[in-house]
Structures are given as structure tokens and as C-alpha cells.
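S.K.: this one's structure only:
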């Protein structure tokens, strides 16, 4: 039996990880997939609900701050990802396999926080924002 599971910070898998001490990896995967299937059925059911009922059950005064708090919580994860990831190289060890990101065995390893990581992510962000925005937003994203 595999018992060393740890849910990463910011995920909703804390319940599954707390059950992991008595379950196998295959059982845990089935639990996660079953939860995803149930949530998909819930979303399908909500898509047939009228907007009036949805606004009454979850008004904008509730959904707005909820989405805002989720976004604020994900900002730190996003910045870690831009700088080289939140894996073992995030701790910036001086020696060893993770002294460079993603590992020292990578074709072009870089230290965590290297400007090349940030530049690549900025280029990807510009390429994703440019097609769906007007010229002002596109030029603003280039100035970042």
C-alpha cells in the first residue's frame, strides 16, 4: 500500500489526502474521478436552471467576493510559476539535483527567478491577451 500522499497547498484534495492513509493509489484516483463526474453532472443540471433562479440563489454580492478571494489566493502560485515553479527548486538549494530549475539534468537549466522564466511567461501572456483585446490592452501588456 502506498501511504505517502500530500495534497499541495491551494487544492481541494485535502479530504482525499486525509483518506489516503487507508486507501491505495488506484482507489484515490477513482475517488477523484468520481468527484469530478459528480461535479460535472451538477454543472449540467445548473445549466438548465433559469438565470433568475441562479441570481436569487447566488447573488453577485456573494459570487464577486468569492471569485476575488480565489484569485487573490492563486496570485502567489502564479508568481511562483512565473519565476521557475513551486517544486523543489523553489527552496533554492545550493547544491544537488534541484539547484537549477527544473533540474540540473534539463537541457537548459536556469536558477529559480531567472529573467528568462519571467520573460517567457510574459510572452505567453501577451500572445494570449492580444487576440481577444483591443489595441490599448495589447500595448499595455507589452509595456509590462
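M.R.: It's in. Computed from a predicted model, the values in this text were never measured in an experiment.
S.K.: how close does residue 91 get to residue 125?
M.R.: Distance, residue 91 to residue 125, using CB to CB, to the nearest Å: 26 Å. The way it works is simple: take the backbone N, C-alpha and C, and place the C-beta from them, glycine included.
S.K.: my bad, residue 39
M.R.: Distance of residue 39 to residue 125, given as CB to CB: 28 Å.
S.K.: more crowded one of the two?
M.R.: residue 125 (13 against 10; other CB atoms under 10 Å).
S.K.: how close does the more buried one sit to residue 98?
M.R.: Counting by CB to CB, the gap from residue 125 to residue 98 is 26 Å.
S.K.: okay, now the unreliable bits of this structure?
M.R.: 1-23, 86, 128-144 (pLDDT under 70).
S.K.: got the phi and psi for the residue of it positioned farthest from its centre?
M.R.: Among the C-alpha atoms of the chain, the one most distant from their mean position (CA atoms, centre = their mean) is that of residue 52, at 31.2 Å. With angles defined as degrees, to the nearest 10, residue 52 sits at phi -60, psi -40.
S.K.: gap between it and residue 122?
M.R.: Applying CB to CB, the value for residue 52 to residue 122 is 42 Å.
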